[in-house]
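1. any chance you can model this:
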Amino acid sequence: MERQFNQNETLNSEHFWSSLEKSWPDITVVNKKDILSQDLNIIIVLCPLYKPGNLSSAGFIKSPDKIEDSRLVGKLKAYKEVLSVIPGYVNAFGGNFVLNVVFSDKGVLLRGVPTVEDKQALAYHYELYSDDLYFFAREHKINLQMSKYSDHNVDFPEFVDLNDPLPNLVKNNQIVNKYPNLESKMIADLNLYMGLNISYSKRNRHLIDRIINMDQVGSYSAAFWLIAGYLAFDPKIADIAGENGIYMVAERLEPLFGIARFTESLKNMTRVQIKA
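-> Okay, here's the model as predicted:
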């Protein structure tokens, strides 16, 4: 529910962040900043609407199914609960609130060979999200901008099977012979394939280890494709959000929040992390 203020109430950024953190049971804000009298640009990324099931085998919902039939319904509810707190504060501070929602139509996790119906399902999911969020935005007086990965020239395969073998470039990666463990090998493989420079720090290796060993992942190649899918878009987030941008992300699996640390432009960006 939108926050209302009275004339005698003192407004400051601390109040804003405190209210935001109370809007959902499990939420963390990284790199809090002063938002007083500032325009606020928030970006969130929405993945396709999967049926209930595990990460590697669940298929898409398809027409006439609705968002409520997807395992993503909890994430969308969390986003709305948190976002609904913001307009009252921004209006009281004299700023504007722009919400950028980007639909991930690249790096789509799907078991097996995608069919024509699967590709049509992505367009259907974007339509469902758009209808739902434009209604929400009108209700809360939010300036909503919808787009897709493909609108931002994300260079990554459209569909990825977590059981797919590693790319040939990675298979022939000779650098990995220098490193004794899977975590360091993963960093070397990601750096080569994505053209990045992720450090081999203990913290990064620990995060990689946690992702590889998540029950929902189950293999090295699955972890590679999962992480690479995030890294294909993460470098674009700060530019899309613009000045005073905030990256809001909801995840069921806590280790996935840490992938943002692999992208330099996200390290110091304010990030709202919602466990949902």
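
2. run a quick neighbour tally on A276.
-> 19 (other Cβ atoms under 10 Å). All C-beta spots, glycine's among them, are computed from the backbone N, C-alpha and C.

3. could you check how far it is from L76?
-> 9 Å (Cβ to Cβ, to the nearest Å).

4. next, count neighbours for S19.
-> S19 has 15 nearby residues by other Cβ under 10 Å.

5. for the helix or strand that it is a member of, list the C-alpha coordinates in PDB.
-> With secondary structure defined by DSSP states H and E, S19 is part of helix 13-21. C-alpha atoms of helix 13-21 as PDB (Å, rounded to 0.1, in the frame of the first residue of the first chain):
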ATOM      1  CA  SER A  13      16.100   8.500   3.300                       C
ATOM      2  CA  GLU A  14      16.500   6.500   6.400                       C
ATOM      3  CA  HIS A  15      12.700   6.300   6.800                       C
ATOM      4  CA  PHE A  16      12.400   5.200   3.200                       C
ATOM      5  CA  TRP A  17      14.900   2.400   3.500                       C
ATOM      6  CA  SER A  18      13.400   1.300   6.800                       C
ATOM      7  CA  SER A  19       9.900   1.100   5.300                       C
ATOM      8  CA  LEU A  20      11.300  -0.800   2.200                       C
ATOM      9  CA  GLU A  21      13.000  -3.300   4.500                       C
END
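
6. other residues contacting it?
-> For helix 13-21, contacts defined as Cβ atoms under 8 Å, 6 or more residues apart in numbering pick out 3, 27, 29, 32-36, 82, 85-86, 89, 272.

7. try it again at 7 Å.
-> The contact list for helix 13-21 (Cβ atoms under 7 Å, 6 or more residues apart in numbering) reads R3, I27, V29, K32, D34, I35, L36, V82, V85, Y89, V272.

8. so which of those residues are in strands?
-> With strands taken from DSSP state E, the overlap with the contacts of helix 13-21 comprises I27, V29, V272.

9. most neighbours of all these, which one?
-> Neighbour-wise, those (other Cβ under 10 Å) top out at V272, 25 neighbours.

10. give me phi/psi at the nearest residue to that one once chain neighbours are set aside?
-> In space, and not counting its chain neighbours, V272 is closest to M248: 4.3 Å by Cβ to Cβ, 6 or more residues apart in numbering. Per-residue torsions, M248: phi -110, psi 130 (degrees, to the nearest 10).
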